[in-house]
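K.L.:
have a look; sequence and predicted model below, questions after that.
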Amino acid sequence: MTPEQFIDHIHAGKKRFTRLDINGADFTALQGYDLALRDCTFTDTDFSNAQLEGLNCDQCHFINCKFTDANLQEATFTNSTFYRSGPAKTVFLRANLRFTTFTDCDLRMCDFERANLFRSEFNKVNGLGTNFFMADFDNAVKIVDSMFRYAVFTGAQMEKCVLTNNLFIQAVFQGAKLAGAELIGCDLSGATWQHADVRGADVRGANIPSFDVRTMDLTGVKILESQQRLLLEMAEIIVFPD
């Protein structure tokens, strides 16, 4: 199916598409509400300013695509890929992703800069190197069982959010608001916390060698007894057994 035929089918009211393979298309300002895509591939395709509210994608591939300023509110992505090796990356710059769900997706190197992610959910995703610089989480996002190594969460507002069992190894949380967040079972090795607010965060069972009691306000932070020794030793306090 050609890009022109795809647009014509949408204008005619068709909602479900299977096994599409579209390359280099210009779908800017496309209007397609509640579309269902299965086993479709879009490469070098521009969805900027598209109205795709309620989009449902299963086993789809978006390679080097642009969703700049697109409306993807209440979209669902399952078993879908947004990455292919090389410099190409998929961009969600300023996209509306309110109430959007990503499950079992490959989001490596995606760019969510300044996207609206209110009530969005990330479940079992690979977000290696993903950029959330100044993304608007509005303290309402859920991220679980996922890998966000080297991801950037600069300025993220994630107070009291559920962020459990994730790999945040060497992630950047500079200026992030994480007060009261649930980080249970996370690996926070090498993470950057400059000007971050983690007061009252629950890090029980988390790997927290990047926490420094000398430079961070850890007031109200919840830890396990077994984590005390690590925090003290990171502050160069010598702990002897009783």
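P.N.:
Yes, it's here. Numbering: from 1, shown residues only.

K.L.:
residue 65 against residue 89, yeah?
P.N.:
No. Residue 65 is beyond contact range of residue 89, at 9.2 Å (criterion: CB atoms under 8 Å). From N, CA and C alone the C-beta is placed, and that goes for glycine too.

K.L.:
and those two? which has more neighbours close in?
P.N.:
residue 65 (23 against 20; other CB atoms under 10 Å).

K.L.:
let me see the contact set for that one.
P.N.:
42-47, 82, 90-91 (CB atoms under 8 Å, 6 or more residues apart in numbering).

K.L.:
reformat those residues as TSV; add secondary structure and pLDDT.
P.N.:
Below are the contacts of residue 65 laid out as TSV (DSSP: H, G, I helix; E, B strand; the rest coil; pLDDT from 0 to 100):
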residue	secondary structure	pLDDT
42	strand	95
43	strand	94
44	coil	93
45	coil	95
46	strand	96
47	coil	97
82	coil	94
90	coil	94
91	strand	95
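
K.L.:
would you turn those into CSV with neighbour count?
P.N.:
Listed next are the contacts of residue 65 as CSV, based on neighbours: other CB atoms under 10 Å:
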residue, neighbour count
42, 25
43, 16
44, 13
45, 22
46, 21
47, 29
82, 27
90, 24
91, 23
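
K.L.:
tabulate those residues (a markdown table), appending distance to residue 203.
P.N.:
Formatted as a markdown table, those follow (distance: CB to CB, whole Å):
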| residue | distance to residue 203 |
| --- | --- |
| 42 | 39 |
| 43 | 41 |
| 44 | 41 |
| 45 | 41 |
| 46 | 41 |
| 47 | 38 |
| 82 | 29 |
| 90 | 31 |
| 91 | 32 |
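
K.L.:
between the residues you listed, which is nearest residue 231?
P.N.:
residue 82 (37.0 Å; CB to CB).

K.L.:
find the nearest non-adjacent residue to that closest one, please.
P.N.:
residue 90 (4.2 Å; CB to CB, 6 or more residues apart in numbering).

K.L.:
quick one: terminal-to-terminal distance for stretch 28-41?
P.N.:
End-to-end span of stretch 28-41 (CA to CA, to the nearest Å): 17 Å.

K.L.:
actually stretch 127-135, sorry about that
P.N.:
End-to-end for stretch 127-135, by CA to CA: 15 Å.

K.L.:
what are the ranges of the helices in the chain?
P.N.:
Under the criterion DSSP state H, the chain contains helices at 3-11, 225-234.
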